[in-house]
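J.: The amino acid sequence is not available; the structure is as follows:
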């Protein structure tokens, strides 16, 4: 069964199953980076029975969904798992038939896919480098980084698990005799989850120029930095530049390009033979990365 066609049919079933939302679901247990969301059990004895959904994330923004299913020890060919994600926490944007979902994660035997709402339909997301899954006797575990979900810091979500899907003569999925369990229960909207991360800045490069420093000439110090929440170079930061010669502080200018913060000073002619002490500081959302240096001026 082709994943794209499964998604389309399942969205129709989900829309029929989801009554108008009464409220957002709540969590029974929460800690700094994890929450457990209980679900009613035994609603349909022929359907996969979701008992709870556990969601957590690490400091790098890797989100883990654990869909606990009591009566499906294996992901069989007739099954489908969908996670609907309202990643901007705004039900008026995204797909109106799924409470404003901006993304859908779809799991079928042997494949996990990410789909993004384009204003009229869900289409395959261009990059899915962090999306992985596993299935154990207790249910499905799905991981994806927040960077692939619009760098979301919080989202509303719901889970559908289907069984009994067959294939028609044309190879399309047939939901005629399918059974589904939803979490939260129909009429209870979506669960809500906040992505809590600790921002970490990492030095990727450092250089000074020219070498050696020359009295009366311009001198620069450049610090490359990356951040863990995007796994990429710093794109927006506050740059601080400090340098002194003989105890006198020098005025500075700075720039930030391609994750490299550069500071520039004009060294006085009287600096010859003296030590130049300085530091470059990159600050992102209150987190600082500092690189100090000391060079002899020629």
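T.: Ah, there it is. Bear in mind that the values here come from a model prediction, so they are computed numbers and not experimental data.
J.: show me where pLDDT drops low in this protein?
T.: 1-32 (pLDDT under 70).
J.: and if we set it to 80?
T.: 1-32, 127, 229-231 (pLDDT under 80).
J.: Find the centremost residue of it, please.
T.: The structure's the chain has its C-alpha centroid closest to residue 146; by CA atoms, centre = their mean the separation is 0.4 Å.
J.: Isn't residue 281 up against residue 287?
T.: No. Look at residue 281 against residue 287 with CB atoms under 8 Å: they stay out of range, at 11.0 Å. C-beta here means a position set from N, CA and C on the backbone, and glycine is covered the same way.
J.: Neighbour count: the two, which is higher?
T.: A side-by-side neighbour count of residue 281 and residue 287, using other CB atoms under 10 Å, places residue 281 first with 18 against 14.
J.: which residues does residue 276 contact?
T.: Neighbour list for residue 276: 213, 219, 243, 244, 245, 267, 294, 295, 296, 297 [criterion: CB atoms under 8 Å, 6 or more residues apart in numbering].
J.: of all those residues, which comes closest to residue 134?
T.: residue 294 (50.8 Å; CB to CB).
J.: Assumed that closest one was part of a strand.
T.: Yes. Residue 294 sits within a strand when classified using DSSP: H, G, I helix; E, B strand; the rest coil.
J.: can you tell me which helix or strand the nearest residue to it once chain neighbours are set aside belongs to?
T.: The shortest distance from residue 294 to any non-neighbouring residue, by CB to CB, 6 or more residues apart in numbering, is to residue 277 (5.0 Å). Assigned by DSSP states H and E, residue 277 falls within strand 275-284.
J.: Give the buried residues for that strand.
T.: For strand 275-284, the neighbour count (16 or more other CB atoms under 10 Å) marks 276, 278, 279, 280, 281, 282, 283, 284 as buried.
J.: Then stretch 246-257?
T.: 250, 252, 254, 256.
J.: Surely the second one touches residue 241?
T.: It stands for residue 252. Yes. Residue 252 lies in contact with residue 241 (CB under 8 Å); the separation is 3.8 Å.
J.: mind giving me the domain split of the chain?
T.: As given by automatic domain parsing, the domain ranges for the chain are 3-194, 201-296.
J.: about what we covered before: so what sits against both of residue 252 and residue 241?
T.: Contacts common to residue 252 and residue 241, judged by CB under 8 Å, 6+ apart, are 263, 264, 265.
J.: Could you confirm the last one falls within a strand?
T.: Yes. With three-state DSSP as the criterion, residue 265 is part of a strand.
J.: hey, what's it bridged with?
T.: When assigned by DSSP bridges, residue 265 has beta-bridge partners residue 219, residue 252.
J.: I figured it was touching residue 250, is that so?
T.: Yes. The pair residue 265 / residue 250 is scored as a contact, 4.6 Å apart, by CB under 8 Å.
J.: between these two, what contacts are shared?
T.: With CB under 8 Å, 6+ apart, residue 265 and residue 250 have common neighbours residue 243.
J.: can you pull out the helices in the stretch 1-150 of the chain?
T.: Counting by DSSP state H, counting those that start in this stretch, the stretch 1-150 of the chain has helices at residues 3-17.
J.: excluding its backbone neighbours, what's nearest residue 260?
T.: residue 224 (4.7 Å).
J.: er, residue 85 actually
T.: Using CB to CB, 6+ apart, the nearest residue to residue 85 is residue 103, at 4.4 Å.
J.: before we move on, what about residue 199?
T.: In space, residue 199 is closest to residue 287, 4.5 Å off (CB to CB, 6+ apart).
J.: so who does the one you found touch?
T.: Applying CB under 8 Å, 6+ apart, the residues near residue 287 are 199, 200, 201.
J.: So what sits opposite it in the bridge?
T.: In beta-bridge terms (that is, DSSP bridges), residue 287 pairs with residue 284.
J.: and what of the one 5 residues further on?
T.: According to DSSP bridges, residue 279 are recorded as the beta-bridge partners of residue 292.
J.: Please report the distance of residue 130 from residue 238.
T.: To residue 238, residue 130 is 29 Å away according to CB to CB, to the nearest Å.
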